[in-house]
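# here are the coordinates; sequence isn't available:
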């Protein structure tokens, strides 16, 4: 690390933000030994000269300017072993001025628990000040891999008792091997598994980040770091830490379309959250405050993206349903359909009333849960509409009367129910299947912008079910959307808003990015399984480097649960929220739409309480 003061002492005309290494075309050498140092637009010096000024070990190096760029009102504590001790200068320098307090506690040969070095990891965890916001742990190299799972739990239990908010734990390098096998691979697997047991644990993968040939010069022995490796590890760790402290990682003002938030629970009638009294909603309407809650601003919001769940439903023989609307006149639309005893969820883009509320009407009785994942500013290009019906094959609205059977129908949407006649890229629909018929393998529905039908599904059903799902559907050039049914069913579609052409939302013909049926189910029936990380950075035709959120359809198949049932939570690979996106029981095939914030590395994490195969389709992305 070279400070600005030291740089300017050696080179008074240097511009710190522009200092870097560049290729010297006259050099007879190759790679990093062919570099020279740029001090500003015009002045360059040789790598040999720069090396002499700062006592670097060789003229083969690279330089990158580091700008602080962020300061947060949070505390940070680091617990490590000899690898952590080797960055005791670099990491504190990088964190200086970023956090209100920073403590670096690293000792050579430290074990996660036990051993001759005192304090061990558990003891170090016990010394963390109560209420510390973030603790970074770099431990495990000195432990017996078979014992590490229990030792991780000891550290996590100690930190949780201290009221620590987030624990970031790094995986171990697997470069050191015996007979082609790394003793740290099972230790890393134990760490990944612990993510299922501890919702405030974030595992960051140093093993993968330092596994290519470019990183060969970072290591002295496959575990310990050279001076170059120390700088690289500290910089990498800084980025992982800052991702946690700054979930949005861009100024909201840069985003015109939609602002993702970490999923948060706004309503739970089982506990009284969001309502004045505990109890099921029965044949009536409740009004829930959403603005100013769960990371949503108190003003200037036109709509929110919610996942709504009905729990412990009770209905007559005709079934029950839920309608979400911006208070005022209740529309002739439904967002969720249920039968007695069901727990079922659906995603909703809900316009917000002038009072900053959303209304929920229940026909029948059910406990209601609502989790928010994003909001749409009032200045957004997304236009929220009071829900309106654009398709009902039972009455002939938008299509001839009659169920759709193993075929595709084309549905006109533009110019109807508040939608303009032109200039629309995609529409937000709630699609319901009624009077369904299917074979033994079940049926499904795919919504697409006409043309070639993609290998994906938006909704899955079995005979006799009435089920709904939210869909963001690209619109064809003729102002229609196409709906394919495998099996047979009546279709009902309600529109709740649209994305104009040129918006920050890019609609996609659905792209399947995950199908675990060939690799094995995700999760565990007791909830202890770690999450599935899904990399969205390679989506075709999308600049995913600027991606903030993705519109996904998550399908659960081949499911197995305990008697308590199962659920799926989608989140941006940080702290796992207390929220759900899909609810299921053993043997159920069910899908739900999700607007999921994406990590700055283009990933989402999917946690399964229970076991299930997952199908994940992407139908659009939000960028900045």
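Alright, I've got the coordinates. Keep in mind it's a predicted model, so treat the numbers as computed, not measured.

# lowest-confidence helix or strand of this structure?
Counting by mean pLDDT, DSSP states H and E, the chain has its least confident helix or strand at strand 20-23, which shows a mean of 78.

# Please state the offset of whatever helix or strand comes next after that one from the chain centre?
Remark: after strand 20-23, the chain's next helix or strand is strand 35-38, criterion DSSP states H and E. Centroid displacement of strand 35-38 relative to its chain, using C-alpha atoms, centre = their mean, to the nearest Å, is 39 Å.

# For this protein, give the helix that spans the most residues.
helix 227-245 (DSSP state H).

# Next secondary structure element downstream of that helix?
strand 259-268.

# For that next one, which helices and strands make contact with it?
Judged by 3 or more C-beta pairs under 8 Å, 6 or more residues apart in numbering; DSSP states H and E, the packing partners of strand 259-268 are strand 357-377, strand 547-560, strand 566-571, strand 590-597. For the C-beta atoms, the positions are set from N, CA and C on the backbone; glycine is no exception.

# try 7 Å this time
strand 357-377, strand 590-597 (3 or more C-beta pairs under 7 Å, 6 or more residues apart in numbering; DSSP states H and E).

# just to confirm, which helix or strand has residue 135 in it?
With DSSP H and E as the criterion, the answer for residue 135 is strand 134-138.

# Isn't residue 140 up against residue 111?
No. The criterion here is C-beta atoms under 7 Å, and residue 140 misses it with residue 111 at 8.7 Å.

# Who are the contact partners of residue 233?
Applying C-beta atoms under 7 Å, 6 or more residues apart in numbering to residue 233 gives the contacts 87, 225.

# ok, now residue 570?
552, 554, 581, 594, 596, 604, 606 are the contacts of residue 570 under C-beta under 7 Å, 6+ apart.

# same question, residue 138
Residue 138 neighbours (C-beta under 7 Å, 6+ apart): 80-81, 83-84, 170.

# what's across from the closest residue to it other than its chain neighbours in the sheet?
Nearest in space to residue 138, with sequence neighbours left out and distances taken as C-beta to C-beta, 6 or more residues apart in numbering, is residue 80 at 3.9 Å. Listed by DSSP bridges, the beta-bridge partners for residue 80 are residue 106, residue 138.

# Following the record's annotation, map out the domains of this structure.
4-54, 75-245, 504-624 (automatic domain parsing).

# May I see those organised as CSV, with distance to residue 373 added?
Compiled in CSV, the domains of the chain are given as follows (distance: least, C-beta to C-beta, whole Å):
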stretch, distance to residue 373
domain 4-54, 36
domain 75-245, 17
domain 504-624, 5
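
# and those domains, which is most packed in?
domain 504-624 (a mean of 20; mean count of other C-beta atoms under 10 Å).

# got the residue ranges for the strands in the stretch 51-200 of the chain?
All strands of the stretch 51-200 of the chain, identified by DSSP state E, counting those that start in this stretch, fall at 75-80, 101-106, 134-138, 166-170.

# And the pLDDT for residue 58?
pLDDT for residue 58: 76.

# The nearest residue to it once chain neighbours are set aside and residue 435: what is the separation?
Among residues not flanking residue 58 along the chain, residue 51 sits closest, at 6.9 Å (C-beta to C-beta, 6+ apart). Distance, residue 51 to residue 435, using C-beta to C-beta, to the nearest Å: 78 Å.

# again, but for residue 281
26 Å.

# more neighbours, these two?
Shown here are residue 281 and residue 435; by other C-beta atoms under 10 Å, residue 281 has more neighbours (21 against 14).

# Kindly provide the distance from the more buried one to residue 399.
Relative to residue 399, and taking C-beta to C-beta, residue 281 is found at 33 Å.

# How about residue 240?
For residue 240, the distance to residue 399 - C-beta to C-beta - is 51 Å.

# related to what we said a few turns ago, among the domains of the chain, which is nearest residue 423?
Among the domains of the chain, domain 504-624 comes nearest to residue 423, with 13.5 Å by C-beta to C-beta.

# Give me the distance between the closest one and the centre of its chain.
9 Å.

# and what of stretch 305-312?
The answer for stretch 305-312 is 19 Å, by C-alpha atoms, centre = their mean.

# which one is residue 536 nearest to, not counting chain neighbours?
Closest to residue 536 by C-beta to C-beta, 6+ apart is residue 602, at 5.1 Å.

# so what's the backbone phi/psi at the one you found?
Backbone torsions of residue 602, given as degrees, to the nearest 10, read phi 80, psi 30.

# per-residue confidence for it?
Note on residue 602: pLDDT of 84.

# Please identify the deepest-packed of the helices and strands packed on strand 259-268.
Of these, the one with the most neighbours on average (mean count of other C-beta under 10 Å) is strand 590-597, at a mean of 26.

# Contacts for that strand, please.
With C-beta under 7 Å, 6+ apart as the criterion, strand 590-597 contacts 260-262, 305, 345-347, 373-374, 457-460, 469-471, 548-556, 570, 572, 581-582, 584, 604.

# Could you identify the helix or strand that succeeds it?
For strand 590-597, the following helix or strand on the C-terminal side (DSSP H and E) is strand 603-623.

# Strand 357-377 and that following strand, what's the angle between them?
If you take axes from the mean of the first three to the mean of the last three C-alpha atoms, to 10 degrees, strand 603-623 sits at 80 degrees to strand 357-377.

# Next, the angle from strand 603-623 to strand 590-597.
Using the same axes, to 10 degrees, one finds that strand 603-623 and strand 590-597 are set 70 degrees apart in direction.

# give the contact list for residue 615.
Residues near residue 615 by C-beta under 7 Å, 6+ apart: 512, 514-515, 555, 557.

# Please report how far it lies from residue 591.
Note on residue 615: its distance to residue 591, by C-beta to C-beta, is 8 Å.

# Under the pLDDT cut-off, which ranges of the stretch 501-624 of the chain? List them.
By pLDDT under 70, the low-scoring segments of the stretch 501-624 of the chain are 624.

# 90 - rerun?
The stretch 501-624 of the chain contains residues with pLDDT under 90 at 501-511, 528-530, 537-551, 563-565, 571-583, 585, 587-603, 619-624.

# just the contacts of residue 570 now: which is nearest residue 21?
residue 604 (35.2 Å).

# so the residue lying closest to residue 466 once chain neighbours are set aside is in which element?
Nearest residue to residue 466, sequence neighbours excluded (C-beta to C-beta, 6+ apart): residue 337, at 4.5 Å. Residue 337 belongs to strand 336-338 when assigned by DSSP H and E.

# now the strands for the stretch 301-450 of the chain?
301-314, 320-325, 336-338, 344-351, 357-377, 383-392, 404-412, 424-437, 443-448.

# In terms of secondary structure, what does the shortest one contact?
When you say that, I think you mean strand 336-338. Counting contacts by 3+ C-beta pairs under 7 Å, 6+ apart, strand 336-338 packs against strand 301-314, strand 320-325, strand 344-351, strand 467-474.

# any idea how far the residue nearest to residue 58 lies from residue 361?
For residue 51, the distance to residue 361 - C-beta to C-beta - is 72 Å.

# ok, now residue 434?
Residue 434 is 19 Å from residue 361, by C-beta to C-beta.

# Likewise for residue 187?
With distances taken as C-beta to C-beta, residue 187 is found 52 Å from residue 361.

# so which helix or strand takes in the closest residue to residue 176 other than its chain neighbours?
Nearest non-adjacent residue to residue 176, counting by C-beta to C-beta, 6+ apart: residue 222, 3.3 Å away. Using DSSP H and E, residue 222 falls within no helix or strand.

# would you say residue 50 is within a helix?
Yes. Under DSSP: H, G, I helix; E, B strand; the rest coil, residue 50 sits within a helix.

# Could you tell me how many residues sit around residue 407?
10.

# Residue 506: what's it in contact with?
Residue 506 makes contact with 542, 620-621, 623, according to C-beta under 7 Å, 6+ apart.

# at 6 Å what do you get?
Neighbour list for residue 506: 542, 620-621 [criterion: C-beta atoms under 6 Å, 6 or more residues apart in numbering].
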